[in-house]
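S.K.: starting from these lines, generate the structure:
(one chain, ligands or ions: 1)
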Amino acid sequence: MVSGSSTEHWDIFCAVVDNYGDIGVTWRLAKQLANEKQIDITLWVDDLNSFSHILPQLDPQLTTQVHYGITINQWTVPLALTYQPGAVLIEAFACELPDEVKTVLLKLHSDYKADSSKQKPPVWINLEYLSAESWVEGCHGLPSMQPSGLKKHFYFPGFTDKTGGLLCEGALLKQREEWQNDPQNKMALFAQLGLKGIEVQDNVISVFSYESSALLALCQHWQQSEQTTHALIPKGRSLNSLRSILPTQVDQLTSGEQIKLGNLIIHILPMTDQESYDKLLWSCDFNIVRGEDSFLRAQWAAKPFIWHIYVQEDDYHLIKLDAFMQLYCNNLPPELAKSWKALNLAFNQEQDTQATQHWQQINLANLPLLQHAAQWPIDAINDVDLVSRLVQFVKNS
Ligand SMILES: Cc1cn([C@H]2C[C@H](O)[C@@H](COP(=O)(O)OP(=O)(O)O[C@H]3O[C@@H](C)[C@H](O)[C@@H](O)[C@H]3O)O2)c(=O)[nH]c1=O
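M.R.: Got it, this is the predicted structure:
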């Protein structure tokens, strides 16, 4: 079977390592390129089961299918579909391209070298992980000559104008603002999700983290607090940390279930598509997020958050965490910055007492933190989003 035909289309290859971040970022990128730049996208994914958690209408059995106008192909070994080279080829997060694709690239390269009227090889881009570290500026856009003579470009997302920018749809911040201007929207969303008993004055916190004993400590704190707290937790890894306070085994919990523990009510949520997850982040008072994509979406939600970063070897993730926290706290009053950083660090390092202590210091109603969270998206986007920078980058390549 043949996939795509125009040389104008772009291919994106995504290998799912674990969790949902690789496919989550790639899927957002594909949607935005298609919607806002009218680019014909073919997305090749090696694990459609994982993908279906964030795109419920996806059928993991199909070799090829179209959703949101994007062709989604199963990346099988060997490839069940023929790769037709387009204008751009993106490998997400340094995934190893299929042999069939490499063979096509080599042939195009040698044919084009011999005769420049032949089809040009696609612009080959490796999309890297997001980091706020300063070295990113020096590496963004660098070409890497392959032994074959082909050129691959490293594209680094980032927070400054010398990086590849941040994924953010053109209308997103306005849509979010309109949503948040009318409190009825969040109450309607909670009702739609089957969440009962949430009053306007209650604290509502979404939780999408990895395992951390600090989460348990925070839940125990909320349990005893005066104000009612609702923790909205999708089925997944966060719940593993709460085993000791849950009435049943984690795998027996069903979405829609509510567990009342003193003044804390835990609501078990289903995983939804990305658009609904965004609305959930917009609707909560505080979000606990993780990885790369939910971390960024929590920033666009303009609400305070804890970032549970994906663990890397030799604690490298703590350097990445620190780089982001420095940037995020630049314009925060020093005392507040100190507490917010300490809270994030405590959550990531499973320091239970410190997490609870710093939680109390930042206090959900802390006006400067809320104002900062609202201003941050505008500052962080730095005029131009990732997709617009990427399209320009391709034009210049
Ligand atoms: C909870 C929820 C999440 N999502 C989406 C949001 C994101 O696109 C995706 C989750 O991705 P992340 O937040 O990045 O967290 P993650 O932990 O799932 O992914 C991680 O995977 C590793 C392999 C990477 O190296 C990490 O950097 C990180 O990206 O799931 C939904 O669409 N619906 C939901 O209900």
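
S.K.: break this structure into its domains for me.
M.R.: Domain assignment for the chain by automatic domain parsing gives 10-166+383-396, 172-192+210-227+271-381.

S.K.: redo these as JSON lines? Include mean pLDDT, mean neighbour count and distance to the ligand.
M.R.: C-beta: built from backbone N, CA, C; applies to glycine. Shown next, in JSON lines, are these (pLDDT from 0 to 100; neighbours: other CB atoms under 10 Å; distance: least, CB to the nearest ligand atom, whole Å):
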{"stretch": "domain 10-166+383-396", "mean pLDDT": "97", "mean neighbour count": "17", "distance to the ligand": "2"}
{"stretch": "domain 172-192+210-227+271-381", "mean pLDDT": "96", "mean neighbour count": "18", "distance to the ligand": "2"}
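
S.K.: pipe those into JSON lines and attach distance to Leu242 per row.
M.R.: What follows is the domains of the chain, written out as JSON lines (distance: least, CB to CB, whole Å):
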{"stretch": "domain 10-166+383-396", "distance to Leu242": "19"}
{"stretch": "domain 172-192+210-227+271-381", "distance to Leu242": "6"}
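
S.K.: between these, which gets nearest to Ile259?
M.R.: domain 172-192+210-227+271-381 (10.2 Å; CB to CB).

S.K.: so how far is the closest one off the chain centroid?
M.R.: On the basis of CA atoms, centre = their mean, to the nearest Å, domain 172-192+210-227+271-381 sits 14 Å off its chain's mean C-alpha point.

S.K.: kindly report the same for stretch 138-153.
M.R.: 26 Å.

S.K.: span of that stretch from start to end?
M.R.: Counting by CA to CA, to the nearest Å, you get 13 Å between the two ends of stretch 138-153.

S.K.: 55 is where my numbering starts, stick with that
M.R.: Taking 55 as the first residue, the last one we looked at is stretch 192-207.

S.K.: what does it contact?
M.R.: Around stretch 192-207, the neighbours that count as contacts under CB atoms under 8 Å, 6 or more residues apart in numbering are 159-160, 163, 167, 175, 177-180, 208-210, 212, 216-218, 447, 451.

S.K.: need the contact list for the spatially most central residue of the chain.
M.R.: Closest to where the C-alpha atoms of the chain average out (CA atoms, centre = their mean) is Asp347, at 0.8 Å. By CB under 8 Å, 6+ apart, the contact list for Asp347 reads Tyr74, Gly75, Gly78, Val79, Arg82, Leu221.

S.K.: which one is it nearest to, not counting chain neighbours?
M.R.: Among residues not flanking Asp347 along the chain, Gly78 sits closest, at 4.0 Å (CB to CB, 6 or more residues apart in numbering).

S.K.: please look at that neighbour and Met325 and confirm they touch.
M.R.: No - the pair Gly78 / Met325 is not scored as a contact, 11.0 Å apart, by CB atoms under 8 Å.

S.K.: any common contacting residues for those two?
M.R.: Residues touching both Gly78 and Met325 by CB under 8 Å, 6+ apart: Ile108.

S.K.: among the contacts of Asp347, which lie within helices?
M.R.: Gly75, Gly78, Val79, Arg82 (DSSP state H).

S.K.: state the number of residues packed around the residue nearest to Arg297 when sequence neighbours are not counted.
M.R.: Spatial nearest neighbour of Arg297, excluding adjacent residues (CB to CB, 6+ apart): Val304 at 6.3 Å. Neighbours of Val304 under the rule other CB atoms under 10 Å: 16.

S.K.: equivalent analysis for His63, please.
M.R.: Using other CB under 10 Å, His63 has 19 other residues around it.

S.K.: show the pLDDT at it.
M.R.: His63 is assigned a predicted lDDT (pLDDT) of 96.

S.K.: next, it: phi, psi?
M.R.: phi -80, psi 160 (degrees, to the nearest 10).

S.K.: all strands for the stretch 255-404 of the chain, in order.
M.R.: 257-261, 283-288, 312-315, 318-323, 340-344, 359-362 (DSSP state E, counting those that start in this stretch).

S.K.: sweet, I'm off.
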